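In: One predicted model, sequence on top.
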Amino acid sequence: MKRFTLIFIFTFLLTPKIYSQRCGGGILTFNIYTLNGEDVKEFDYEIFPVSKELLKKNYYDKLTIKKYKDCPEYSLFKDIQKSGSIIGKVFVNQIIDNNDPKLNAELQKLLDTSAISQKGTIKSTMLFSTRENQSFPIVLKISNGDREVYILGNYFGNCDREASLVWGDKVLKLE
């Protein structure tokens with residue numbers, strides 16, 4: 001009985017916190033929907049690696065007031081973890097880092113896991129393999145003709161989810 005009590009104390013009471021996983025991994029389904037019967041045959045895409053240091057310095061610090069800088073529940077941070085956030089090209093040039101070999105190697109490993117290339121064309125859907133604890137922000141560039149949109153997101157992290165881009169004549173919306 002003493003032995004059982006000691007095992008109980010060491011196992012449950014002295015362990016400060018126990019963490020569990022929600023899913024382990026999954027699939028992020030990225031869809032593009034067109035409005036008003038717009039007939040688009042294909043979209044071009046390109047995936048860029050984002051430096052976490054540059055992201056913090058040149059995006060988060062510029063767009064977030066001091067009160068919310070360390071708050072993971074702030075909508076700017078939550079959107080990037082869910083469906084992503086449409087950002088301007090001026091920010092894209094300040095946060096991507098194509099010259100970091102470690103960043104590029106990690107991106108290539110994640111692309112290989114998802115069986116997608118860094119650049120190509122799609123009709124309407126891309127599938128990203130995700131790992132729950134993965135935090136690897138990317139910029140996904142979607143273009144068709146003269147129009148382009150840049151999406152900042154953690155598309156290789158978290159569990160099963162869907163991100164949808166609504167592509168219309170004058171409307172771009174990410175859900």
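Out: Happy to help now that I have it.
In: nearest residue to Leu165 other than its sequence neighbours?
Out: Nearest residue to Leu165 in three dimensions, chain neighbours excluded: Ile32, at 4.8 Å (CB to CB, 6 or more residues apart in numbering). (Each C-beta comes from the backbone N, C-alpha and C, glycine too.)
In: residues contacting that neighbour?
Out: The neighbours of Ile32, taking CB atoms under 8 Å, 6 or more residues apart in numbering as the test, are Phe43, Ile122, Ser124, Thr125, Ile142, Ser164, Leu165, Trp167.
In: Output the longest helix belonging to the protein.
Out: helix 101-114 (DSSP state H).
In: May I have whichever helix or strand comes after it as CSV, with CA atoms only?
Out: Later in the chain than helix 101-114, the nearest helix or strand by DSSP states H and E is strand 119-122. What follows is strand 119-122 as a C-alpha-only set of coordinates in CSV (Å, rounded to 0.1, in the frame of the first residue of the first chain):
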residue,chain,number,x,y,z
LYS,A,119,5.7,26.8,-57.6
GLY,A,120,3.0,25.5,-60.0
THR,A,121,-0.6,25.8,-61.1
ILE,A,122,-3.9,24.5,-59.6
